[in-house]
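Participant: Pasting a predicted model and its sequence here:
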Amino acid sequence: MMSGSMAWRTVVLASLFAILGFTMDLAAQEKPSDKPADKAEKPAEKDKPAEKEKPAEKEKADKDKPKSDGLSVTQHELTIAGEKLKFTATAGLLPMVADDGKTKAEMFFIAYTKDGVTDVSKRNITFCFNGGPGSSSVWLHMGMLGPKRVKLNDDATPSPPPFELVENGHSLLDVTDLVFIDPVSTGYSRPSAGEDKKQFHGYDEDIRSVAQFIHLYTTRYKRWPSPRFLMGESYGCLRAAGLSGYLQDRYNMELNGVVLISSVLDFQTLAFGETNDLPYILFLPSYTATAHYHKKLPEDLQKDMKKTLAEVEEFATGPYATALLKGAALPKAERQAIVEKLARYTGLSPAFVERSDLRIDMGRFAKELLHNERRTIGRFDSRYRGIDRDQAGDSAEYDPSGAALFGAYTATLYDFLRNDLKVEKDAPYEILTSKVHPWNYDRFENRYVTAAETLRRAMTKNPFLKVFVANGYYDLATPYLASIYSFNHLGLEESLRSNVSMGFYDGGHMMYVHEPSLAKLKADLVKFYKASVR
């Protein structure tokens with residue numbers, strides 16, 4: 001579900017002319033003046049030291065300020081928990097310059113910083129991004145963290161256009177300054193003219209460019225004394241884990257915390273395939289939660305979802321995992337028992353489970369669960385329902401959760417950028433683009449993409465680094481049991497395991513579109529930030 005648009009290039013030409021005038025009284029220099037001393041010295045007063053120093057003082061003051069060429073800086077106010085917070089928004093492009101001085105790309109960012117802060121060592125800063133690859137930071141920005149959020153229905157029914165922005169009383173701005181980063185080719189970020197986009201489009205390439213931005217912003221805006229956090233969503237979690245090690249190794253930049261929203265650290269947990277049984281196991285509790293939401297479970301399982309999920313997790317990682325491991329060696333009686341359990345826990349028919357060879361991938365589940373109602377369910381958020389042309393096939397023709405969200409976020413972002421942040425660009429803002437593909441995974445040849453080991457090493461080198469993982473029960477893109485599995489297999493030394501905490505929410509991949517979940521997530525993050533800074 002990627003969308004492309006025409007690429008754009010912006011070339012800024014600037015000229016500066018300085019005209020310096022001097023007056024000299026040659027006659028006065030050739031012979032003493034008969035005029036009184038105070039009058040004789042008047043010509044020299046034009047060049048008196050105080051006047052001559054003003055340009056230099058101004059130049060020094062300007063040099064000490066962060067560069068703001070082409071940036072839009074606006075002032076705002078937000079009410080959080082009954083208290084007014086004044087802040088500055090800075091939006092625009094930062095140049096990514098190579099060691100030879102050549103600009104390789106310009107990266108678009110939006111930063112919100114609290115006004116009146118005199119000691120930045122007491123003020124957190126968080127660098128935020130989404131995933132894709134190919135996604136801008138719009139989702140975290142306009143859905144969870146920023147000063148305004150898209151107004152959506154909590155019951156997972158689509159909202160009609162035109163869409164609405166409301167003040168975000170759940171913003172994290174009372175806890176931390178926020179910097180939203182659009183990786184190259186997303187948002188308004190672009191490679192420079194003549195630069196090959198491939199140098200930014202890949203696992204390592206992306207981490208290098210985003211790390212360079214973070215280093216440049218931290219240096220230019222004098223935030224080295226601040227407690228630093230990363231927050232990523234979806235593939236952005238893989239990026240955040242990779243950055244935790246790269247920032248440490250390349251720039252000696254240590255972090256206080258990493259927040260992972262709808263986490264993926266290891267593609268083996270998500271990649272359905274003939275030789276990979278792991279996803280079938282890890283998706284099962286999310287199927288159960290979805291079936292529970294749509295009231296497709298037996299009556300006894302509908303009573304208490306949390307209790308039911310605990311039962312299903314035990315089954316998934318126990319008898320079900322063992323059955324898949326046995327493969328064709330699984331005895332018929334055991335196989336029939338597994339079929340009946342899977343049907344009971346998923347709301348699907350035993351015949352469908354049998355035809356699927358006990359292995360139900362996400363696409364088939366989304367197509368089949370509401371088959372009798374001629375409806376499909378969402379991948380990003382399985383609470384949403386869709387309508388297909390027909391009910392045959394292995395997958396839905398579109399993701400109803402994506403259809404309900406993408407248009408709302410796009411329209412409100414354009415309005416917010418131009419009217420609130422005064423960013424006047426006519427080029428398309430790449431919300432979610434396919435222009436980053438193909439994405440380079442060469443370093444993972446013949447193995448699954450993973451950043452788990454990088455995160456483990458970063459946490460081991462920096463034992464103060466804490467990680468918070470937010471999971472949505474109705475997320476069929478990055479299921480919650482996959483997050484649990486990844487951290488249970490991270491290999492952290494026992495004394496460091498308490499540095500990882502998790503939260504679970506009654507929402508999907510973007511659990512924050514459900515306001516009660518957003519409120520709970522905000523409360524959990526307030527506790528996490530406090531625990532991460534000494």
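Facilitator: Alright, I've got the coordinates.
Participant: C-alpha from now on. contacts and neighbour counts both.
Facilitator: Noted.
Participant: Would you agree residue 364 is in contact with residue 391?
Facilitator: No - counting by C-alpha atoms under 8 Å, residue 364 does not reach residue 391; the two are 11.1 Å apart.
Participant: what touches both of these two?
Facilitator: Here residue 364 and residue 391 have no joint contacts, going by C-alpha atoms under 8 Å, 6 or more residues apart in numbering.
Participant: In this structure, where's the longest helix?
Facilitator: When the chain is parsed with DSSP state H, its longest helix is helix 400-419.
Participant: And that one, what's buried?
Facilitator: 400, 401, 404, 405, 407, 408, 409, 410, 411, 412, 413, 414 (16 or more other C-alpha atoms under 10 Å).
Participant: Next, format these as TSV and append distance to residue 191.
Facilitator: Output for the buried residues of helix 400-419, formatted as TSV (distance: C-alpha to C-alpha, whole Å):
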residue	distance to residue 191
400	33
401	31
404	31
405	28
407	26
408	28
409	25
410	22
411	25
412	26
413	22
414	22
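Participant: Reformat these into TSV and put pLDDT and distance to residue 360 next to each item.
Facilitator: What follows is the buried residues of helix 400-419, written out as TSV (pLDDT from 0 to 100; distance: C-alpha to C-alpha, whole Å):
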residue	pLDDT	distance to residue 360
400	96	20
401	96	21
404	95	25
405	95	26
407	95	31
408	96	32
409	97	32
410	96	33
411	96	36
412	97	37
413	97	37
414	96	40
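Participant: rewinding a little: what does the longest helix of the chain contact?
Facilitator: 138-139, 142, 150, 157-159, 161-165, 376-386, 423-425, 429, 431.
Participant: from those residues, which ones fall inside helices?
Facilitator: Per DSSP H, helices hold the following members of the contacts of helix 400-419: 138, 139.
Participant: Now list the buried members of the contacts of helix 400-419.
Facilitator: Buried members of those, counted by 16+ other C-alpha under 10 Å: 138-139, 142, 150, 158, 164-165, 376-386, 423, 429, 431.
Participant: for the stretch 351-500 of the chain, what spans make up the strands?
Facilitator: 376-377, 385-386, 466-472, 500-505 (DSSP state E, counting those that start in this stretch).
Participant: mind giving me the domain split of the protein?
Facilitator: Per automatic domain parsing, the structural domains of the chain span 72-268+405-532, 272-398.
Participant: And for the closest residue to residue 503 other than its chain neighbours, the neighbour number?
Facilitator: Among residues not flanking residue 503 along the chain, residue 470 sits closest, at 4.8 Å (C-alpha to C-alpha, 6 or more residues apart in numbering). Residue 470 has 23 neighbours, counted by other C-alpha atoms under 10 Å.
Participant: any idea how far residue 479 is from residue 470?
Facilitator: Residue 470 sits 11 Å away from residue 479, taking C-alpha to C-alpha, to the nearest Å as the criterion.
Participant: Then residue 195?
Facilitator: If you go by C-alpha to C-alpha, the gap between residue 195 and residue 479 works out to 38 Å.
Participant: Compare neighbour counts for these two and give me the winner.
Facilitator: Ranked by neighbour count (other C-alpha under 10 Å), residue 195 and residue 479 place residue 479 first, with 28 against 13.
Participant: Who are the contact partners of the more buried one?
Facilitator: Contacts of residue 479 by C-alpha under 8 Å, 6+ apart are 262, 282, 283, 286, 471, 472, 473.
Participant: Which members of these occur in helices, if any?
Facilitator: Applying DSSP H to the contacts of residue 479, the entries found in helices are 282, 283, 286.
Participant: What confidence value was assigned to the last one?
Facilitator: The predicted local distance difference test score for residue 286 is 98.
Participant: separation between residue 437 and residue 429?
Facilitator: According to C-alpha to C-alpha, residue 437 stands 17 Å off from residue 429.
Participant: Low-confidence stretches in the chain?
Facilitator: Per-residue confidence for the chain (pLDDT under 70) gives these ranges: 1-69.
Participant: Doesn't residue 238 belong to a helix?
Facilitator: Yes - checked against DSSP: H, G, I helix; E, B strand; the rest coil, residue 238 lies within a helix.
Participant: any idea which of the strands of the stretch 351-500 of the chain is most buried?
Facilitator: Across those, the average number of neighbours (mean count of other C-alpha atoms under 10 Å) peaks for strand 376-377, which reaches a mean of 28.
Participant: who's in contact with it?
Facilitator: Contacts to strand 376-377, defined as C-alpha under 8 Å, 6+ apart, come from residues 366-370, 383-388, 396, 399-401.
Participant: so residue 178 sits in a strand?
Facilitator: Yes - remark: residue 178 belongs to a strand, assigned using three-state DSSP.
Participant: ok, it - contacts?
Facilitator: By C-alpha under 8 Å, 6+ apart, the contact set of residue 178 is 111, 112, 113, 125, 126, 127, 128, 146.
Participant: Okay, and the beta partners of it?
Facilitator: Assessed by DSSP bridges, residue 178 has beta-bridge partners residue 112, residue 126.
Participant: Helix or strand for residue 213, just tell me which one.
Facilitator: Taking DSSP states H and E as the criterion, residue 213 maps to helix 203-220.
Participant: so how far is residue 307 from the closest residue to residue 212 other than its chain neighbours?
Facilitator: Sequence neighbours aside, residue 96 is the residue nearest to residue 212 in space, at 7.2 Å (criterion: C-alpha to C-alpha, 6+ apart). Distance from residue 96 to residue 307, counting by C-alpha to C-alpha: 51 Å.
Participant: next one: residue 221
Facilitator: In this view, residue 221 and residue 307 are 49 Å apart by C-alpha to C-alpha.
Participant: Then residue 104?
Facilitator: For residue 104, the distance to residue 307 (C-alpha to C-alpha) stands at 53 Å.
Participant: And the two? Which one has more around it.
Facilitator: When residue 104 and residue 307 are compared for neighbours, residue 104 comes out ahead with 21 against 11, by other C-alpha under 10 Å.
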